[in-house]
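> Using only what follows, build the 3D model:
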Amino acid sequence: MPYDILLGRNESDKKEFGNRGIIYIGRGFVKMGQYTSLSNKIFLDVARTHIILVAGKRGSGKSYSLGVIAEELSNLPKEISQNIASVIFDTMGIYWTMKYQNEKDRELLEEWELTPKNLPVRIFVPYGHFDNYAEKGIPVDKQFALDVMEMTAEDWVITFGLSLINPVGVLVETTITKLKEKRKDYFIEDIINEIEKEEKSSRDTINAVRGLFEAASSWGIFAKKGTKPTNVSDLAVGGKTSILDLSVYNSVGAFNVRALVISLVSRKLFEQRMTARKKEEIDAIGKRFEVSGEIAKKEMPLIWLFIDECLTGNTEIITDKAHTPIQEIVNRFENGEKFKVLGFDEEKKEYAHYEVNNVYSKGKRKIMKLITETGREITSTPEHRVLTKQGFASAFSVNEIATPLIQHHSTNKKLIEARILGHLYGDGWITDKQLSIGFSGKGNKEDLEKIRKDLEILGFSSTNIYERKTKSQINHKGKIKNVNGTSQSFTSNRPAYRYFRKKAEFSGEKTLHPTKIPEWLMKSSNLEKTEFLSALMGSDGNILSKAKNAKGDFNAIRFSFNKIENLKKEAFDYANQIKELFKSLGIKVSNISKKEGNLRKDGHKTIKIILTLEKNTENTIRFLEKIGYRYCSKKEFEGLKWLEYLKARLFLKQKRGEIYKKAIELKSKGLGKIKISRELNFPVAQIRDWIYNNTKPGLPKEFPDFEEWISKRIKDNLLFEKVFNVEEAGEEEVYDISVDKVHNFISNGLITHNCHEFLPLNEKTIATDALVQLLREGRQPGISMVLATQQPGKIHRDVMTQSDIVISHRVTSAQDLEALNHIMQSYMLESISQYMNELPSLKGSAIILDDNSERIYPMRIHPRFTWHGGEAPTAIKKEKKL
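Numbers count the residues shown, from 1 in each chain. Below you'll find the predicted structure:
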């Protein structure tokens, strides 16, 4: 006869409490030969407080296990359940189904000698969304509204993602401090009125702060005048499960409001339980000589808190091979393919490709679209972390965002070949005499190192890079000019010579011999043409520069090369081939011209052939965006800066053009300048010029020139561009990836972070302090916590160190397995992965680590009493049995 297993209870409590204050959570697995079967019943102590971590990858049963524990707490005998209150922070909107008994799994429950049940569950919904839930038929019980008075100045600053050294953050802090000193109670309307009284701050700062609090007012979570704030103690009712639905805060207005609510509720519950605990101790001292078998009802019950801890499918990630949609990475990774993605090392201030540790599909969620001043768009959940000057912050709360000034260098072999060939046509050489190929640089050794690495990927070895001082004379129109410099170069091996000699179809000094682009390259893919031209421009293209004649203007981009005079026809033929390559990529060449060159020492006169790209903003942006410069970091960096600047100019011009069209339409409907100005929220003076003086929309005169615009946005090799607009973008399947070492990756041109929403490992959210306090100190006053995570390796260290019970469903990431191993390493010699591998592939399969008994148990969580709403949707409807 198998014995029962009781987790989390020491020997002393076993003698004192017997089998009271325990809940049934499942049965252990026992393995006999090749067969695994269910055996011992497994119970969990709930008479004492515990920290329980539930881990597992997507779909493994984390939310299911949370539901089982919450159900069992409500199912305890009344004399015990009346002293325990469960509070579920429902971040996914799935636990309202606990209102309904689990008829769909009745047969499975009967196999476990259990039956479906209705349990005492109450659903709290933020008051601004209560009616909407009721209209959809979702059973809701009470409205929830936070008291603004409970928000400290620091709470607001963190919520808005501000810094206390920023003028906006300073004004928020001073305003809240003043109100707390002057008034016993106030609402957001009062905060806004106080802001308007500010005299020392600029109008822009006042407007920014006002806008933030107006946004906070729209969240539907703070009590307004006439609305009674929720007493947090209403959530903690003995014998009942309170579900606070926070899923609505995936939508616009989020500012990580979920973390804010969790922070305030957790802090308040901690304070109330601390007060209650003191009174309980006093009562216990007074009744120390009384003998009674009855369990007294507590004035405030012990509390069990449940917390179930992203980028959309078409978000583009830069891997070491190509730009790839994150959904494709998730699918291919799950099929065994390995990936490296581009990330940013904050300490070294450099980019590199890092291993993807794990991938996560987080289901359909409401998303937002963030648009920057250059027109760049990113769609993500509002709480997803992006890089700002102050560090990583929730996407919705930022007013600037980091854009990496770096170009992707593909490791696709065909593209590498085209790129190397472009350099050979420029600063490289091929010589039949020595049977070798060589590469020279522009003074930056790292540029040549990139070429050496590319050759290595193709399987070719190279010499070291040599540097030498050079002296030369240039004879131009009879004038001698001495040129001193430094050259760097290296050569590759003979197999490389044979390979590229055949590809290039030229050899010898290019100035003295005809050069033409091979037919295969002219007919190659656009990506190959791009790589060829980018390396060619890195060698012989000019750096984009500011024009002297007008603010914001720039000089045309040119490409030039030299040939001896008697190769004039061949030179123009070659130039026209290059023009044709540009044209095939949508880039216009305005003209091809010839200039007098130099007199060589061998007596040959040279000519310079110049290709000039059509000089307009759109054509220049197309060149910089599609082609740019390769193997010359100086040109590449300048090109990227100019690209962002020109895109910002074009984006603003287009937006002003759209407003202009609306203004003309409104004028045709009889509206005057004042009404149009109010309607479009645009300056009256500009509207007047457009509709009365017939001026055309363009850039405002105060738009900064290149140096000014860049100087305010560049830090290291990052561009911090301003956020232009944030808007709702419906619902999409949401994905995330876990990246080794740096824990961030480049998505849609932005640096985003993969981390937990409430308790990240290396970051801080508004919920962090409150939850860490509960982890460290909450057990003493009577607060237990059950936390679920897909990434135990990325969650706050205190979760791992304070958890006395860990329920782990299947995890596969090396980092996650290592984190779980770390918990038990002091008393277990076996590996977690060994236990994981031996688990049957059955719903609810898990292993439990019990710190009290220093044991690990393979088990299966028992079926739910109530309807489980956390399953992934299916395209096929299940057939009912008759």
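> low pLDDT regions in the stretch 351-500 of the chain?
360-366, 382-385, 390-394, 396-397, 472-473, 475-478, 483 (pLDDT under 70).
> Which stretches in it count as helices?
Along the stretch 351-500 of the chain, the segments classed as helices by DSSP state H, counting those that start in this stretch run 413-425, 445-457, 494-504.
> so what does the first one touch, helix or strand wise?
Using 3 or more C-beta pairs under 8 Å, 6 or more residues apart in numbering; DSSP states H and E as the contact criterion, the neighbours of helix 413-425 among helices and strands are strand 436-440, helix 445-457, helix 494-504, helix 526-540. C-beta: built from backbone N, CA, C; applies to glycine.
> on that earlier part again, hey, which of the helices of the stretch 351-500 of the chain is tucked in deepest?
helix 413-425 (a mean of 22; mean count of other C-beta atoms under 10 Å).
> separation between the residue in the chain sticking out farthest from the centre and Ala395?
What lies farthest from the middle of the chain is Gly603; by C-alpha atoms, centre = their mean that is 61.8 Å. According to C-beta to C-beta, to the nearest Å, Gly603 and Ala395 sit 65 Å apart.
> With Ile621 instead?
26 Å.
> Mind checking which of these two has more residues around it?
The neighbour count for Ile621 versus Ala395, taken as other C-beta atoms under 10 Å, is higher for Ala395 (29 against 18).
> so that one makes contact with Met368?
Yes - if you go by C-beta atoms under 8 Å, Ala395 and Met368 touch, sitting 7.0 Å apart.
> How many residues are close by Pro77?
As a measure of burial, Pro77 has 10 neighbours, counting by other C-beta under 10 Å.
> Against Ile714, how distant is Thr403?
Taking C-beta to C-beta, one finds Thr403 at 10 Å from Ile714.
> Please enumerate the shared neighbours of those two.
With contacts taken as C-beta atoms under 8 Å, 6 or more residues apart in numbering, the residues that reach both Thr403 and Ile714 are Phe720.
> The two: which is more packed in?
When Thr403 is set against Ile714 and neighbours are counted by other C-beta under 10 Å, the residue ahead is Thr403, at 22 against 15.
> partner residues bridging the closest residue to that one other than its chain neighbours?
Once flanking residues are discounted, Thr403 sits nearest to Leu719: 4.5 Å by C-beta to C-beta, 6 or more residues apart in numbering. Per DSSP bridges, the residues bridged to Leu719 are Thr403, Ile714.
> pLDDT score assigned to Leu719?
pLDDT recorded at Leu719 is 89.
> Next: Asp553.
85.
> Then Val257?
Looking at Val257, its pLDDT is 75.
> And for Ser841?
In this model, Ser841 carries a pLDDT of 79.
> Going forward, count from 58.
With 58 as the first residue, the last one maps to Ser898.
> quick one: it from Arg84, how far?
Taking C-beta to C-beta, one finds Ser898 at 17 Å from Arg84.
> Ile473 now?
According to C-beta to C-beta, Ile473 and Arg84 sit 57 Å apart.
> same question, Trp213
Going from Trp213 to Arg84 by C-beta to C-beta gives 49 Å.
> Then Ala604?
Taking C-beta to C-beta as the measure, Ala604 falls 78 Å from Arg84.
> Counting neighbours, go ahead and name the busier of these two.
Between Ala604 and Arg84, counting by other C-beta under 10 Å, Arg84 is the more crowded of the two (22 against 13).
> Please name the nearest non-neighbouring residue to the more buried one.
Closest residue to Arg84 apart from its sequence neighbours, by C-beta to C-beta, 6+ apart: Leu95 at 4.4 Å.
> Relative to the whole chain's centre, how far out is stretch 278-291?
Centroid separation between stretch 278-291 and its chain, computed with C-alpha atoms, centre = their mean, to the nearest Å, is 33 Å.
> buried stuff in it?
Across stretch 278-291, burial judged by 16 or more other C-beta atoms under 10 Å covers 278-280, 286-287, 289.
> of those, closest to Lys490?
Using C-beta to C-beta, Ile278 comes nearest to Lys490 of these, at 78.0 Å.
> my guess is that closest one contacts Phe201, does it?
Yes - the criterion here is C-beta under 8 Å, and Ile278 meets it with Phe201 at 7.4 Å.
> Check the contact lists of the two and give me the overlap.
Shared contacts of Ile278 and Phe201 (C-beta under 8 Å, 6+ apart): 183-184.
> Secondary structure class of Gly150, three-state.
Three-state call for Gly150 (DSSP: H, G, I helix; E, B strand; the rest coil): coil.
> tell me the pLDDT at the residue farthest from the centre of the chain?
For Gly660, the model assigns a pLDDT of 84.
> for it, what are its contacts?
For Gly660, the contact set (C-beta under 8 Å, 6+ apart) is empty.
> Check whether Ile463 really touches Leu776, as I assumed.
No - Ile463 is beyond contact range of Leu776, at 10.3 Å (criterion: C-beta under 8 Å).
> Neighbour count for those two, which is higher?
Neighbour count, other C-beta under 10 Å: between Ile463 and Leu776, Leu776 has more, with 23 against 19.
> Next one: that one from Ala705, what distance?
Applying C-beta to C-beta, the value for Leu776 to Ala705 is 10 Å.
> Repeat that for Phe589.
Distance from Phe589 to Ala705, by C-beta to C-beta: 29 Å.
> neighbour count winner among these two?
Higher neighbour count among Phe589 and Ala705: Phe589, with 27 against 23, using other C-beta under 10 Å.
> residue contacts, that one?
475-476, 478-479, 482, 578, 638.
> For Glu566, state which of these is nearest.
Tyr482 (12.9 Å).
> From Ser596, how far out is the closest one?
Distance, Tyr482 to Ser596, by C-beta to C-beta: 8 Å.
> Next: Ile649.
18 Å.
> go on, Asp162?
Using C-beta to C-beta, one gets 69 Å for the distance from Asp162 to Ser596.
> So those two - more neighbours on which side?
Under the criterion of other C-beta under 10 Å, the comparison of Asp162 against Ser596 puts Ser596 first, with 24 against 19.
> Could you find the closest non-adjacent residue to that one?
Gly483 (2.4 Å).
> before we move on, what about Gly85?
Nearest residue to Gly85 in three dimensions, chain neighbours excluded: Asn97, at 4.3 Å (C-beta to C-beta, 6+ apart).
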